[in-house]
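> sequence plus the predicted model coming up.
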Amino acid sequence: MDGPKTTPEDEKRQKLLREIGDRKLPYLTPKDVAFEQLSKAKYSKLHLRQASCVPKEIHQKVQRGLTALRDCKCFAQDLIQIRGKDVLTPVHRLLVGNPGHTYRYLDTRLFAVPWPTQQVEVKYSNEEIGKACQAIKDLNEYMQSETVKILFDRDVAVENDKGCVEKAMTSTLVEDSESVKGGHNQQSDVNTELKNRSSFNVALLNYMDPSRMKYLKEEPYFGMGKMAVSWHHDENLVEKSTIAVYSYSCDDLGPASDESNRNSFEGRDPTLWHVGLKIAWDIATPGLALPLYPGDCYFMLDDLNMTHQHCVLTGMQSRYSSTHRVAECSSGTLDYIFGRCDVAMKNLHKDSTLGISSLISLELELVQQTEEIHNEVEFEWLRQFWFQGKRSAKLSDWWFGPMAILENSWKEMEQMTKLLLNEINKTQWSFEEKQQIIRCVLPLLEERQEMRKIWRIRCQSSLANDLPMDEQPACRPYWHSGDPGMPLPFDLEEIISLLRNQILPEDGGDSN
């Protein structure tokens, strides 16, 4: 069996470690004299909002809500894939957000428990969970408004420094109506852009208790200590969108956390949680370790997430965070996948009188499109959802309705594949036509077969079986051979073999 694949990120990481050797790179904390200068020069797009600057009612509702979600056992570890290997996250997570939205990271699609909206009715498992989701939505709106203010202050100041103020001073006092209108439109465009970069559609909630973790990785480059989350860029976000984080570390640390003790540590205070930052793949610039006190917020603005990497360094307390993101959802919402199903169904004709179905067209482009949608629904939605067990039911049964609809559409697509295979076996095809359609459908069936094997193995892994019963992955859809309710078998190997035997090599001759 082949080992884990080496990615470009792996190669960069190994190169960086070779360059560092046995030494540790320097990093600064706020107690260092050069911290502020370095922050402004190299980390200016990191913005800290101290807890004292956040409204008390926000703190109260959010902290009460996060605690309620933990007490209701709503947080869960994600069984993710790193370099082809299943790994349980040390952090317990929960996604809350706009109804029908998802967020994908490390080959895992999380399904957002909807926060309350007027447009969609959501029944929560209990009143406390409903209040908690409302608190996260309120926090989301606060984070969005604060982000717009921060970005506006930064962007307008930069533009003014570049000459906007000078232009205003040298312009005539009387402007024609067109120039006024143009200025209004320009300002409107700026405001729209700022809102687009801060229209948070999901909040990824995290919970971690370091005392319950058997093993935590040491930060490898700077010697910053134990990490809850390793160095990374956040994935699948709208380009240059802000990531806004609310941090809440709970439980009293006692004397170890007193102000008088904080300056006694070499480097960062290991009793406190920190966010670590560094310029990606750079060993010349010192890193930063920013301490996070209960209720602190920080904002990673503009392209900081692309040019820099960040990690989360553990303290001694248990900690929550609510990370607000503009998830790139062009292919990650229910509206999107329902639309894809509608596209596929347009090629299916149902005769209600005779009770039979047939394909409307056998054009290669339509055949390929339908089979691609078939795979997308099965592997990006159905199997992703059921791989996370029934854990979303702890909060709400909202997602089970849409999943049932998707599964019905998927069954229709199984029937469409069956109809296509029947057509291929008919005799009216010319040799060339038959070769073309087999070459079109075969790779998609091979992909389906391979992916079913992979998902079934993942569902039966020891890590999966060690999870709580309601969080254990389910291999769904799954059915046994000969199931009368299914048009095709789960195992497609025999069908694939028959198609392979009918196809000739591309060059039409022997290969030596």
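Looks like it came in fine.

> so what's the residue count around L95?
20 (other C-beta atoms under 10 Å). Using the backbone N, CA and C atoms, a C-beta is placed for each residue, glycine as well.

> in the sheet, who's paired with it?
For L95, the beta-bridge partners are L204 (DSSP bridges).

> quick check: the residue nearest to C475 when sequence neighbours are not counted vs F400, distance?
Take C475 and drop its neighbours on the chain: the residue closest to it by C-beta to C-beta, 6 or more residues apart in numbering is C459, 4.2 Å away. Distance of C459 to F400, given as C-beta to C-beta, to the nearest Å: 19 Å.

> what about these two, which has more around it?
C459 (20 against 12).

> I'd assumed A474 was in contact with that one.
Yes: counting by C-beta atoms under 8 Å, A474 is a contact partner of C459 at 6.8 Å.

> okay, and the common contacts of those two?
By C-beta atoms under 8 Å, 6 or more residues apart in numbering, C459 and A474 have these common neighbours: F387.

> and stretch 469-483, what's buried?
471-473, 475, 477 (16 or more other C-beta atoms under 10 Å).

> how far away from the center of its chain is that stretch?
In terms of C-alpha atoms, centre = their mean, to the nearest Å, the centre of stretch 469-483 is set 25 Å apart from its chain centre.

> rounded mean pLDDT for the strand or helix carrying F152, please.
Using DSSP states H and E, F152 sits within helix 127-159. Averaging pLDDT along helix 127-159 yields 92.

> equivalent analysis for stretch 276-293, please.
pLDDT averaged over stretch 276-293 gives 96.

> cool, and stretch 244-262?
66.

> next one: stretch 424-431
On average, stretch 424-431 scores 87.

> now it: buried residues?
Buried residues in stretch 424-431, counting neighbours by 16+ other C-beta under 10 Å, are found at 424, 429.

> what's in contact with that stretch?
Contacts of stretch 424-431 (C-beta under 8 Å, 6+ apart): 434, 437-438, 441, 499.

> pick out the most distant pair among those residues.
Within those, two members stand farthest from each other by C-beta to C-beta: K434 and V441, at 11.1 Å.

> and the two? which has more neighbours close in?
V441 (20 against 17).

> in which helix or strand would I find that one?
helix 431-459.

> off-centre distance for that helix?
Offset of helix 431-459 from its chain centre (C-alpha atoms, centre = their mean): 27 Å.

> next structured bit after that helix?
On the C-terminal side of helix 431-459, the nearest following helix or strand under DSSP H and E is helix 462-465.

> where does the stretch 251-400 of the chain have low pLDDT?
The stretch 251-400 of the chain contains residues with pLDDT under 70 at 251-265.

> buried residues of the helix holding F152, list them for me.
So, applying 16+ other C-beta under 10 Å, buried residues of helix 127-159: 128-133, 135-140, 142-144, 146-148, 150-151, 154-155.

> report the separation between Q472 and T427.
From Q472 to T427 the distance is 48 Å (C-beta to C-beta).

> I meant T117, not that one.
Distance of T117 to T427, computed by C-beta to C-beta: 56 Å.

> now K350
Distance of K350 to T427, given as C-beta to C-beta: 26 Å.

> try M469
Counting by C-beta to C-beta, the gap from M469 to T427 is 53 Å.

> list the buried residues in stretch 319-338.
Buried, per 16+ other C-beta under 10 Å, within stretch 319-338: 319-329, 332-334, 336-337.

> again with stretch 378-387
378-387.

> likewise for stretch 85-92?
Buried, per 16+ other C-beta under 10 Å, within stretch 85-92: 89-92.

> and that stretch, how far out from the chain's middle?
The answer for stretch 85-92 is 14 Å, by C-alpha atoms, centre = their mean.

> avg pLDDT for that stretch?
Rounded mean pLDDT across stretch 85-92 is 92.

> try stretch 10-26
On average, stretch 10-26 scores 83.

> go on, stretch 60-74?
97.

> ditto for stretch 490-502
On average, stretch 490-502 scores 96.

> outside of it, which residues touch it?
Stretch 490-502 is contacted from outside by 421, 424, 434, 438, 441-442, 445-446, 448-449, 452, 478-481, 488-489, using C-beta under 8 Å, 6+ apart.

> any buried residues in it, and which?
Here stretch 490-502 shows 492, 495, 499 as buried, counting by 16+ other C-beta under 10 Å.

> mind listing the strands for the stretch 351-500 of the chain?
Assigned by DSSP state E, counting those that start in this stretch, the strands in the stretch 351-500 of the chain fall at 356-359.

> scratch that, the stretch 51-200 of the chain is what I was asking about
Along the stretch 51-200 of the chain, counting by DSSP E, counting those that start in this stretch, strands occupy 76-82, 85-97, 102-105, 108-111, 113-114.

> helix or strand for P291, which one?
Here P291 is assigned to strand 287-292, by DSSP H and E.

> what strands flank that strand, and is each parallel or antiparallel?
As assigned by DSSP bridges, strand 287-292 forms pairs with strand 27-28 (parallel), strand 273-279 (antiparallel).

> can you name the next helix or strand after it?
Remark: after strand 287-292, the chain's next helix or strand is strand 297-300, criterion DSSP H and E.

> give me the next element, helix or strand, following that following strand.
The helix or strand immediately downstream of strand 297-300 is helix 304-307, counting by DSSP H and E.

> neighbours of the residue lying closest to L334 once chain neighbours are set aside, how many?
Nearest non-adjacent residue to L334, counting by C-beta to C-beta, 6+ apart: G100, 3.5 Å away. When neighbours are counted by other C-beta under 10 Å, G100 registers 20.

> G100 is in contact with P402, isn't it?
Yes: with contact defined as C-beta under 8 Å, G100 counts as touching P402 (7.2 Å).

> which residues are common contacts for the two?
Listed contacts common to G100 and P402 are L334; contacts here mean C-beta under 8 Å, 6+ apart.

> just to revisit the earlier point, between the strands paired with strand 287-292, which one is closest to S249.
Nearest of the strands paired with strand 287-292 to S249, taken as C-beta to C-beta: strand 273-279 at 5.2 Å.

> any idea what the nearest residue to G315 once chain neighbours are set aside is bridged to?
Excluding the flanking residues, the one nearest G315 by C-beta to C-beta, 6+ apart is W273, at 4.0 Å. Note on W273: beta-bridge partners L292, judged by DSSP bridges.
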